[in-house]
Each structure stands twice: as C-alpha cells, then as structure tokens.
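Asker: Based on what follows, work out the 3D shape:
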Amino acid sequence: MEDVSDPPFRALCKAQGCDMMYTEFISVEGLIRDAHKSVQKLDIYPEERPIGIQIFGAEMDSMRRAAEIVEEAKPEVLDINYGCPVKKVVCKMAGAGILQDIDRMVSLTDAIVKSTSLPVTVKTRLGWDENTIRIGEVAERLQDVGIKALSIHGRTRKQMYKGEADWTEIGKIKENPRIHIPIFGNGDIESGPKALEYKNRYGVDGIMIGRASIGYPWIFREIKHYFATGEILAPPTVDERVDAATQHLTHSTDWKGQKLGILEMRRHYTNYFKGFAGVKEYRKRLVTSDDPAELFSILEEVRLHYKERQELYLAHSLAS
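Answerer: Model (predicted):
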C-alpha cells in the first residue's frame, strides 16, 4: 500500500468504519537518514487513531534506531512488514525477502520488541514459495519473542498477487493451542459475504483489507453492515463517489504538494468510478491533467453526467 495508505486516504477509510489503520510502509534506512519522504510518512492525526506505523528493513542496527524514531511519533502500534513481495525490497532481504531466513526474521523481531515500549505486530506471508511454507513455525516463534498480533497474507512471495489467496494455513494457526495472540487474515476479501464466510471458516480475530479499499473506502462500511445485519448494503451513490474523490484530491495536494498529490491520485480514479458505462473518456482526462481546477471540473462533470442518468433510470423504473 505504498503511496496509497497516506493520511488523505486513511481519512476516507476511517469515515467509512475502518477500525484500525496502518501507515504506508516506511524504509528504516530512509528514517534514520532523515529522508523527507520517509519522515513525512510518520504524520498521523488524532482522528486516525488507533493507528500503527509500519516499517521495513533488514539490518539490525537500522531497525532498532528506526523503532526509536517511530516511538517518538506515538502510534498505538509498531508494525514490521515481512510481506512485501516487490523485487527492490526483497533483494535487500527486507519485506518478504526475509522469509528465506526465518532465524534472521525472529532475531530481528526480538531486537525490535526489546528496543521499544510500543506493542509490536508483524505482517507476513505464508512462505517464500510453495516448498517453504513454515508459517505455523513462524507464528509460534514470533509470538515467543513478544509480538502482540500477526497478520498473514494467504500467498507466498513467489505468487506475488497471482492466483487465489489460501487461508488454510491461517486457519491451522488459529487452531493451534499454543497460539494466544490475535491472528488477522489478509487476501482477496472484497465483500461483506466473503469477509463473514472467511471469518467463520478460519476463525480469525480480524480481517485486513488492502487492495479492495483502493478507490473504494466504502468496503469497510459494507463489511460491517453485512456482519451486523446479513444484508448487502447498496453501493455508494454518484454523489458519494464524486465527493470522496474530490476530498481525496484536495487533501492529497494539500499534504503532498500539487505535483505529487495529483500524480498519486491517479491510481484511485478507476475504482472510484468502476462499472460506470462510458467512464473511460472521463478517466482518461483525470489521469492526464496536471491542473487541479481542471480535475475538480472533470469530477463535477462526472457527477452531473451520471447523476442525471441515475435519475432517469429511477424515473423509468417507477413508471414501469
């Protein structure tokens, strides 16, 4: 979720019912060198709490020093990312790369737990590949060195994001009588019915939502509504979608500056207006314009165009 789960995006997710959020993952090397982009990711706001700051790295001393910096930002949780499959992270033995050396993963985690007063949690994957799935052992050993919760993505690093996430091993960990920390499942949850099915089937203590929330923060309210009522909530209206995209763009440019704020918003537009017939031309304009005024104007065009058709459709339905 790098360049996604920033404060502007988190504000939208929180408003839609997300219970616990994490920052974008932060390079420990960037933190200890006071790199602007890394340090800026420490920004958290009162309305976001409870929140965890997520770090990644591979060197013991750097991880310890970064933990001290994170503690000064006063999050509720310090989270270690041992799950990112991206090559530039993995090749440094960080993220999911450390799944090739479980002993090192455990020793790094132990050092961080001992170097901070913050609760430490971990996010990881099932294993490096299908032949090295040792997540059961990993869960026990990380618990033994003091982590307070474990989030598991149901794929190996080799899979990246391909194929279907397998939660079977996650369920086995929940059945392990030695495990007493909360276990959170992650991977392929994109609806209330699937969230409830997986929660009941695998017994997890919570569900982590990542990609399904990009451009669609309403996923949280839909899941919570289904848990509470067993009913599928109506999708967001045109007004809600345009309002969210407008708020997101406004906050993104305020927080990151105009150039970067506009650039990083582009990945969200597809999901904000997914399924809208003929939206391709609007989307093309949204992802090519560098002018904030023009972008806000295009969003209002989207509102008027699709709201009019929504009202025509409703009128037609009532007449028939």
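Asker: Show me where the stretch 151-300 of the chain has its strands.
Answerer: In the stretch 151-300 of the chain, the segments counted as strands under DSSP state E, counting those that start in this stretch are 183-186, 206-208.
Asker: Quickly compare those strands and say which is most buried.
Answerer: Across the strands of the stretch 151-300 of the chain, the average number of neighbours (mean count of other Cβ atoms under 10 Å) peaks for strand 183-186, which reaches a mean of 23. Where you see a C-beta, it was placed from the backbone N, CA and C, and this is true even at glycine.
Asker: re the thing from before, mean pLDDT and distance to F227 for the strands of the stretch 151-300 of the chain - can I get that in TSV?
Answerer: Compiled in TSV, those are given as follows (pLDDT from 0 to 100; distance: least, Cβ to Cβ, whole Å):
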stretch	mean pLDDT	distance to F227
strand 183-186	98	15
strand 206-208	97	10
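Asker: Quick one: closest of those strands to A234.
Answerer: strand 206-208 (21.7 Å; Cβ to Cβ).
Asker: contacting residues around the closest one?
Answerer: 19-20, 123, 151, 182, 184-186, 189, 195, 198-199, 223 (Cβ atoms under 8 Å, 6 or more residues apart in numbering).
Asker: Now distance to A111 too, for the residues you listed, in a markdown table please.
Answerer: Below are the contacts of strand 206-208 laid out as a markdown table (distance: Cβ to Cβ, whole Å):
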| residue | distance to A111 |
| --- | --- |
| D19 | 29 |
| M20 | 25 |
| K123 | 18 |
| S151 | 20 |
| P182 | 22 |
| F184 | 23 |
| G185 | 27 |
| N186 | 25 |
| I189 | 32 |
| A195 | 35 |
| Y198 | 33 |
| K199 | 33 |
| I223 | 36 |
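Asker: among these, which are in helices?
Answerer: A195, Y198, K199, I223 (DSSP state H).
Asker: Only C-alpha atoms, please: export stretch 217-230 in PDB.
Answerer: Extracted in PDB, the C-alpha atoms of stretch 217-230 (Å, rounded to 0.1, in the frame of the first residue of the first chain):
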ATOM      1  CA  PRO A 217     -13.200   3.100   1.100                       C
ATOM      2  CA  TRP A 218     -16.900   2.000   1.300                       C
ATOM      3  CA  ILE A 219     -15.700  -1.600   1.600                       C
ATOM      4  CA  PHE A 220     -15.400  -1.100   5.300                       C
ATOM      5  CA  ARG A 221     -19.000   0.100   5.900                       C
ATOM      6  CA  GLU A 222     -20.300  -2.700   3.600                       C
ATOM      7  CA  ILE A 223     -18.500  -5.400   5.500                       C
ATOM      8  CA  LYS A 224     -19.600  -4.100   8.900                       C
ATOM      9  CA  HIS A 225     -23.200  -3.700   7.700                       C
ATOM     10  CA  TYR A 226     -23.200  -7.200   6.500                       C
ATOM     11  CA  PHE A 227     -21.800  -8.500   9.800                       C
ATOM     12  CA  ALA A 228     -24.500  -6.700  11.700                       C
ATOM     13  CA  THR A 229     -27.500  -7.400   9.500                       C
ATOM     14  CA  GLY A 230     -26.700 -10.100   7.000                       C
END
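Asker: For that stretch, what is the distance to the chain centroid?
Answerer: Relative to its chain's centre, stretch 217-230 lies at 17 Å (Cα atoms, centre = their mean, to the nearest Å).
Asker: any idea how far the residue nearest to M105 when sequence neighbours are not counted is from K114?
Answerer: Once flanking residues are discounted, M105 sits nearest to I98: 4.6 Å by Cβ to Cβ, 6 or more residues apart in numbering. I98 is 18 Å from K114, where distance means Cβ to Cβ, to the nearest Å.
Asker: quick one, which of those two is more surrounded?
Answerer: Neighbours around I98 and K114, counted as other Cβ atoms under 10 Å, are more numerous at I98. The numbers are 27 against 12.
Asker: In a strand, that one, correct?
Answerer: No: looking at I98 with DSSP: H, G, I helix; E, B strand; the rest coil, it is helix, so not inside a strand.
Asker: ok, so what distance separates it from M63?
Answerer: I98 is 11 Å from M63, by Cβ to Cβ.
Asker: so what sits against both of the two?
Answerer: L108.
Asker: what ranges do the helices span in the stretch 101-250 of the chain?
Answerer: 102-115, 135-144, 168-175, 192-202, 219-229, 238-256 (DSSP state H, counting those that start in this stretch).
Asker: shaky segments in this protein?
Answerer: Applying pLDDT under 70 to the chain picks out residues 2, 310-320.
Asker: One more pass at 50, please.
Answerer: Low-confidence segments of the chain (pLDDT under 50): 312-320.
Asker: quick check: domain ranges of it?
Answerer: Taking automatic domain parsing as the domain assignment, the ranges for the chain are 7-229, 238-319.
Asker: how near is the residue nearest the centre of the chain to A58?
Answerer: In the chain, the C-alpha nearest the mean C-alpha coordinate belongs to G210, at 3.6 Å (Cα atoms, centre = their mean). Going from G210 to A58 by Cβ to Cβ gives 22 Å.
Asker: Thank you, goodbye.
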